[in-house]
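Chemist: Return a 3D structure for these sequence lines:
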Amino acid sequence: MNPNHDTDHRNIPTIGNERLPFDVLVQVFRYYQLNESPFTPVETLLLVCKAWNKAASDYPPIWSRYNINIDKKIVSELWLLRIPLRLSRSGLKTPLHIDIQIFLSKWYLASTWVISLLEILAGENGALCAKWKSLRFCDYSQVCFSMENGEHALKAFTYPMPLLTSLKIFSVNMSAGVVIFPYLPSLTSVCIYNSEISNYPDMSHATRIELSNVCYRGEIDELIRVPEVQELRLCSNIRSIRHPREYKNLQTLDLQMYRQISDLEEVSMPSLSTLYIEFEGIAAFRPVLKFPAIASIHTLYLKGVLPPEIDRKETYRITSHILRTSVCLRELRVTKYVLSILLEDWHAWEHLFKAESAIRVILMGIWSGETKLILGEGDTNSILEKVASACNLPIPNFSALT
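Modeler: Below you'll find the model as predicted:
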């Protein structure tokens, strides 16, 4: 037998592409859709064979996602050609998912292309905006929505979007005087980062809200009408926010470098179970001592970014108070700096172990990596020695602490 003879493989049973069941094709289409790139688009599926061409053409959901990363002129031109055909194939009722990320440094090119893309996606008089289900818009060039062309560029965002459930805005400068996102009755998730906005969207039905470095042009930042929010993340510089008297359904509160914690002192959070605090200099976080919800949290994150040594006593006072007060704590995630301080408070740990039979301590790296420990067996001294040893920290003199 000639090992190089290609007829040796002719008897291997195969299934032609055209014979694959439709439900299998759908899985293939979805996988390809999630992993497409500008030069391997979903349209490539139309070229496999006639059967795939017909199946893909007759399956509207495959044409409903627009993952548009603009970093080159040719990419923008390709999308300007593809979008009208995709919209026609998506049908009349299929919800659309829009994801636009701009990396071009030449603002005049980026501005022209993005305005054209948004006009096509919005449709005549914003008719297609009624089909938008999710929107992520990231302007890393930070020029497309400048004051000069703001009204024109923002036109797509001034139409009603009754189906929109997820809104994410990154690094966008929006012009004053233009009301954006006027009607979003289905919105459940909002994320606004490093942006200047003329008005907040309606977040009354949102269960997840993230705000970071937001410059709001209105008279005051309001979160009063957010009765459904379950996860709230406030990061960095946000001008003073008016909070409601109660976050009835709030389960997760994430405060990363947030400088107005005092605004939350009197706010009731009966359902809070997870608290994340990241600080650089502890002084701004003194108000955490007054959080009535501390006693009910199950998961606590404390991430200190090497504040000055002068803050160590204040850090100890606040973190130890939190540790003593959190009688329901089951998981503690801390950085090495914070843990080295917490190890000094023997009585807080003893109180904690009496409240819970087992607690999971996770040492977080500043950037990545974790060390996990399950604690609860043995006396407090041996447990804390185990923690210190596992995390390469000096073992405290517990006899002096007791």
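Chemist: Show me which residues of stretch 72-81 are buried.
Modeler: Residues of stretch 72-81 classed as buried by neighbour count (16 or more other CB atoms under 10 Å): Val75, Ser76, Leu78, Trp79. Yep, even glycine has a C-beta here, placed from its N, CA and C like the rest.
Chemist: Please enumerate the helices of the chain.
Modeler: With helices called from DSSP state H, the chain shows them at 22-34, 50-57, 73-89, 107-122, 150-153, 312-325, 336-342, 346-355, 380-390, 398-401.
Chemist: Hmm, Ile294 is touching Leu275, no?
Modeler: Yes: contact criterion CB atoms under 8 Å: Ile294 and Leu275 qualify, at 7.4 Å.
Chemist: picking that back up, between the helices of the chain, which gets nearest to Leu232?
Modeler: With CB to CB, the closest approach to Leu232 among those belongs to helix 312-325: 18.6 Å.
Chemist: Kindly provide the whole-number mean pLDDT of that closest one.
Modeler: Mean per-residue pLDDT for helix 312-325: 75.
Chemist: Point out the other helices and strands that it packs with.
Modeler: In terms of contacts (3 or more CB pairs under 8 Å, 6 or more residues apart in numbering; DSSP states H and E), helix 312-325 is packed against strand 299-304, helix 336-342, helix 346-355.
Chemist: what pLDDT does the spatially closest residue to Tyr247 that is not a sequence neighbour get?
Modeler: Distances taken as CB to CB, 6 or more residues apart in numbering put Met269 closest to Tyr247, at 4.9 Å, once the chain neighbours are dropped. What the model reports as pLDDT for Met269 is 89.
Chemist: surely Met269 meets Ile294?
Modeler: No: in terms of CB under 8 Å, Met269 does not count as a neighbour of Ile294; the distance is 9.7 Å.
Chemist: From start to finish, how long is stretch 56-74 in a straight line?
Modeler: Using CA to CA, to the nearest Å, one end of stretch 56-74 lies 25 Å from the other.
Chemist: and it, what's its mean pLDDT?
Modeler: If you average the pLDDT over stretch 56-74, you get 84.
Chemist: How about it, which residues are buried there?
Modeler: Those buried within stretch 56-74 under the rule 16+ other CB under 10 Å are Ala56, Tyr59, Ile62, Trp63, Ser64, Arg65, Tyr66, Asn67, Ile68, Ile70, Asp71.
Chemist: Export those residues to TSV and append columns for distance to Leu118.
Modeler: Shown next, in TSV, are the buried residues of stretch 56-74 (distance: CB to CB, whole Å):
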residue	distance to Leu118
Ala56	26
Tyr59	26
Ile62	22
Trp63	18
Ser64	17
Arg65	16
Tyr66	11
Asn67	15
Ile68	10
Ile70	12
Asp71	18
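Chemist: quick check, nearest of those residues to Pro162?
Modeler: Among the buried residues of stretch 56-74, Ser64 lies closest to Pro162 (CB to CB), at 16.5 Å.
Chemist: what ranges do the strands span in the stretch 201-350 of the chain?
Modeler: 208-216, 221-222, 231-235, 241-242, 252-256, 274-279, 299-304, 331-335 (DSSP state E, counting those that start in this stretch).
Chemist: Quick check: mean pLDDT of the first one?
Modeler: Pointing back at strand 208-216 there. Strand 208-216 comes out at a mean pLDDT of 83.
Chemist: Using JSON lines, lay out the helices of the chain together with distance to Thr299.
Modeler: Shown next, in JSON lines, are the helices of the chain (distance: least, CB to CB, whole Å):
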{"stretch": "helix 22-34", "distance to Thr299": "30"}
{"stretch": "helix 50-57", "distance to Thr299": "44"}
{"stretch": "helix 73-89", "distance to Thr299": "42"}
{"stretch": "helix 107-122", "distance to Thr299": "40"}
{"stretch": "helix 150-153", "distance to Thr299": "41"}
{"stretch": "helix 312-325", "distance to Thr299": "13"}
{"stretch": "helix 336-342", "distance to Thr299": "15"}
{"stretch": "helix 346-355", "distance to Thr299": "14"}
{"stretch": "helix 380-390", "distance to Thr299": "18"}
{"stretch": "helix 398-401", "distance to Thr299": "26"}
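Chemist: and the closest residue to Pro270 other than its chain neighbours, how many residues sit next to it?
Modeler: Leaving aside its chain neighbours, Pro270 sits nearest to Lys248 (6.6 Å; criterion: CB to CB, 6+ apart). The number of residues packed near Lys248 is 14, by other CB atoms under 10 Å.
Chemist: so what's Lys248 up against?
Modeler: Contact analysis of Lys248 by CB atoms under 8 Å, 6 or more residues apart in numbering lists Pro227, Ser268, Pro270, Ser271.
Chemist: repeat for Thr274
Modeler: Counting by CB under 8 Å, 6+ apart, Thr274 touches Gln251, Thr252, Leu253, Ile297, His298, Thr299, Leu300, Tyr301.
Chemist: check contacts around the fourth one.
Modeler: Going back to what we said before, that points to Ile297. Taking CB under 8 Å, 6+ apart, we find Ile297 in contact with Leu272, Ser273, Thr274, Leu275, Ser326, Cys328, Leu329.
Chemist: and with 6 Å instead?
Modeler: By CB atoms under 6 Å, 6 or more residues apart in numbering, the residues touching Ile297 are Leu272, Ser273, Leu275, Ser326.
Chemist: The residue nearest to Tyr247 reaches Ala293, doesn't it?
Modeler: Yes: using CB atoms under 6 Å, Met269 makes contact with Ala293 at a distance of 4.1 Å.
Chemist: With neighbour numbers in mind, choose between the two.
Modeler: Just comparing Met269 and Ala293: by other CB under 10 Å the higher neighbour count belongs to Met269, 22 against 19.
Chemist: What separation is there between the more buried one and Val327?
Modeler: Here Met269 is placed at a distance of 16 Å from Val327 (CB to CB, to the nearest Å).
Chemist: and if you look at Thr252?
Modeler: Thr252 sits 19 Å away from Val327, going by CB to CB.
Chemist: for the stretch 251-400 of the chain, what are the low-confidence residue spans?
Modeler: 257-260, 279-287, 289, 304-312, 345-348, 350-358, 364-383, 390-400 (pLDDT under 70).
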